[in-house]
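A.B. asks: Give me coordinates for this.
(one chain, ligands or ions: 1)
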Amino acid sequence: MDDTLQATIVWEQVLKKLEQELSKLMIDTWLKPTIPLKLTDTTLEIGTPKQIIKEWLESRYLPIISSTVQYITNKPLTIIFINLDIDDETASLPASQEITPPIAPSQLLLDTEIDKNDKKADFVQTSMSTAKQPHIYKPSSESDQSFSLNQNPAEESMAILNPKYIFETFVIGNSNRLAHAASLAVAEAPANAYNPFFVYGGVGLGKTHLMHAIGHRILKNHPHLKLLYISSEKFTNELINSIRDGNPESFRQKYRNIDVLLVDDIQFLAKKEHTQEEFFHTFNTLHEANKQIIMSSDRPPREIQTLEDRLRSRFEMGLITDIQPPDLETRIAILRKKAIMEHLNVSNDVMVYIASRIDNNIRELEGALIRVMAYASLTNQNIDIDLATEALKDIFPHGKPKQITVELIQETIASYFKLKIDELLAKKRTRNVAYPRQIAMYLSRELTETSLPRLGEMFGGRDHTTVIHAYDKISRERNADIKLSNTIKELIKRIENN
Ligand SMILES: Nc1ncnc2c1ncn2[C@@H]1O[C@H](COP(=O)(O)OP(=O)(O)OP(=O)(O)O)[C@@H](O)[C@H]1O
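C.D. replies: Numbering: from 1, shown residues only. Coordinates of the predicted model:
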């Protein structure tokens, strides 16, 4: 692994730890804009985009950063800050991680307006590979007079799409095939294919990735189009600020003069009546002018509570598509792609190990891979299943399977007592069957959240009082009988390792 990637991995963990100690504003202002450059045996080099950030970090935060780095790496590394004096828009990922050059900022509008009164901005570019929000600037919500980048406000009015979130890096599987195909159609024919386009799905399943990919593709095909990507939370904040500043017209102008509007996490509009009203007008103006609108949400429009009906019906005018959690095959493919992109050498069995344990959040899946890589690099070991198990032990204690089911318990117990599943579930009450059955009921109640009536049903249609009786009996006997107690321990081990 190269030393930039090592630095990135360490720095990512350092920032995560510091997030528990420092305020969000400090993290966003001073630490997120940094770019990890190099990790050696004695030093960690961190790039800063501006001299002022370098000075600020050195004068105020060096002790806490040094001790956090030591905590993470177990080495007393010297932290060296290097001012890179980066052009704002090019402050991007370290070169080794870039896949495509960032979109020329002149093609993009800012996702938030800069406070014109003090011409001040928080520089929040982040270089972390798992980072979600790639915007360069956002308006300062708290005053910090000492930090002023003094840029031309027009230039500040830029945002950047994450260069990694493109169609080429998006892995297609059954869970997202439709959403991907529809996104591609929208990207190739903005305002002609599906308008509006609404994509929804659970946390970390690729909605933002697809939206950015659409944005990249549209700008590649139509560099002159004005495209704006924003979260609905920021839309709300900007609206509030514009009203506070007595300038709602500028807000309207900005939003109603674009060609492609991408609004992420639209569910945050719920309960915000005034924002919904404003968004309704923005939506209508753009839609009537045949401009493309793309929205994402964690749920379909009909499930966004307190969303006004007229807005809901607007959202439903175009195409609504969902992304489901990926199946195992897709999860392995995503890890493979990630490993190739980051030049990581990871064997297939380790990928399968990780992919089989994280099944409903791709961000966490990627995070687990990075953690394994970091652990291997920091401890100078090869990556194998043992190392992955050790590195991920906080996430999956003892390599425990994520979900223990009643069926799994029944199978394990039947096999241990050399019975057939049918026998375990049958009505027969001879001791050689009744006793294992009671143990299975006991463990099902202990290890799963299944209700008593449902357990009765799953054990051959018995009454729930039978389950209670079995549970009480085995609980009592377990305390008195060491042999039974050991049997149960052994059974739990087998269930966990199954
Ligand atoms: N099909 C995929 N192929 C490759 N990478 C993916 C895929 N889906 C998601 N990812 C990656 O998983 C991470 C999380 O994805 P993303 O941020 O797009 O999720 P999201 O659905 O917007 O989450 P949230 O609900 O938190 O807003 C990103 O790094 C993204 O690149």
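
A.B. asks: Could I get the phi/psi values of the closest residue to F396 other than its chain neighbours?
C.D. replies: Nearest residue to F396, sequence neighbours excluded (C-beta to C-beta, 6 or more residues apart in numbering): R357, at 5.2 Å. Where you see a C-beta, it was placed from the backbone N, CA and C, and this is true even at glycine. Note on R357: its backbone torsions stand at phi -100, psi -20 [degrees, to the nearest 10].

A.B. asks: wait, R357 sits on A388?
C.D. replies: No. Counting by C-beta atoms under 8 Å, R357 sits too far from A388 to count as a contact (9.6 Å).

A.B. asks: Compare these two (neighbour count), which wins?
C.D. replies: Under the criterion of other C-beta atoms under 10 Å, the comparison of R357 against A388 puts A388 first, with 27 against 19.

A.B. asks: From D349, how far out is the more buried one?
C.D. replies: According to C-beta to C-beta, to the nearest Å, A388 stands 9 Å off from D349.

A.B. asks: need the strands for the stretch 1-150 of the chain, in chain order.
C.D. replies: Using DSSP state E, counting those that start in this stretch, the strands found in the stretch 1-150 of the chain span residues 35-39, 43-48, 78-83, 121-123, 137-139.

A.B. asks: Out of those strands, flag the one nearest L378.
C.D. replies: strand 35-39 (9.3 Å; C-beta to C-beta).

A.B. asks: Neighbouring strands - and their directions - for that closest one?
C.D. replies: strand 43-48 (antiparallel) (DSSP bridges).

A.B. asks: Which residues are in contact with I53?
C.D. replies: Listed by C-beta atoms under 8 Å, 6 or more residues apart in numbering, the contact partners of I53 are W30, P33, T34, N83, F123.

A.B. asks: pLDDT at it, what is it?
C.D. replies: If you check I53, the pLDDT there is 80.

A.B. asks: What sits closest to A187 if chain neighbours are left out?
C.D. replies: Using C-beta to C-beta, 6+ apart and skipping residues adjacent in sequence, the residue nearest A187 is R217, 3.7 Å away.

A.B. asks: And for R302?
C.D. replies: R312 (6.7 Å).

A.B. asks: Spit out the contact partners of the one you found.
C.D. replies: With contact set as C-beta under 8 Å, 6+ apart, R312 has these partners: P301, R302, I304.

A.B. asks: Would you confirm that the last one contacts L269?
C.D. replies: What that stands for is I304. Yes. Taking contacts as C-beta under 8 Å, I304 lies within contact range of L269: 7.4 Å.

A.B. asks: what residues are up against the residue of the stretch 351-498 of the chain found nearest the ligand?
C.D. replies: Nearest residue of the stretch 351-498 of the chain to the ligand (C-beta to the nearest ligand atom) works out as I362 at 3.6 Å. I362 makes contact with G204, L205, G206, P326, R331, I334, according to C-beta under 8 Å, 6+ apart.

A.B. asks: out of those residues, who's nearest the ligand?
C.D. replies: Within the contacts of I362, the smallest distance to the ligand is 2.6 Å, found for G206 (C-beta to the nearest ligand atom).

A.B. asks: how many neighbours does the closest one have?
C.D. replies: 24.

A.B. asks: try the one 3 residues further on
C.D. replies: The number of residues packed around H209, counting by other C-beta under 10 Å, is 25.

A.B. asks: Please name the nearest non-neighbouring residue to it.
C.D. replies: Excluding its sequence neighbours, the residue lying closest to H209 (C-beta to C-beta, 6+ apart) is Y165, at 4.4 Å.

A.B. asks: can you list the residues of the stretch 101-250 of the chain near the ligand?
C.D. replies: Within the stretch 101-250 of the chain, the positions near the ligand by C-beta under 6 Å from any ligand atom are 130, 132, 165, 169-171, 176, 201, 203-209.

A.B. asks: rerun at 5 Å
C.D. replies: Taking C-beta under 5 Å from any ligand atom, the part of the stretch 101-250 of the chain that reaches the ligand is made up of K132, F170, V171, V203, G204, L205, G206, K207, T208, H209.

A.B. asks: Pull out the buried members of these.
C.D. replies: By neighbour count, with 16 or more other C-beta atoms under 10 Å, these hold F170, V171, G204, L205, G206, K207, T208, H209 as buried.

A.B. asks: ok, F170 - contacts?
C.D. replies: By C-beta under 8 Å, 6+ apart, the contact list for F170 reads N176, H180, G206, H209, L210, A213.
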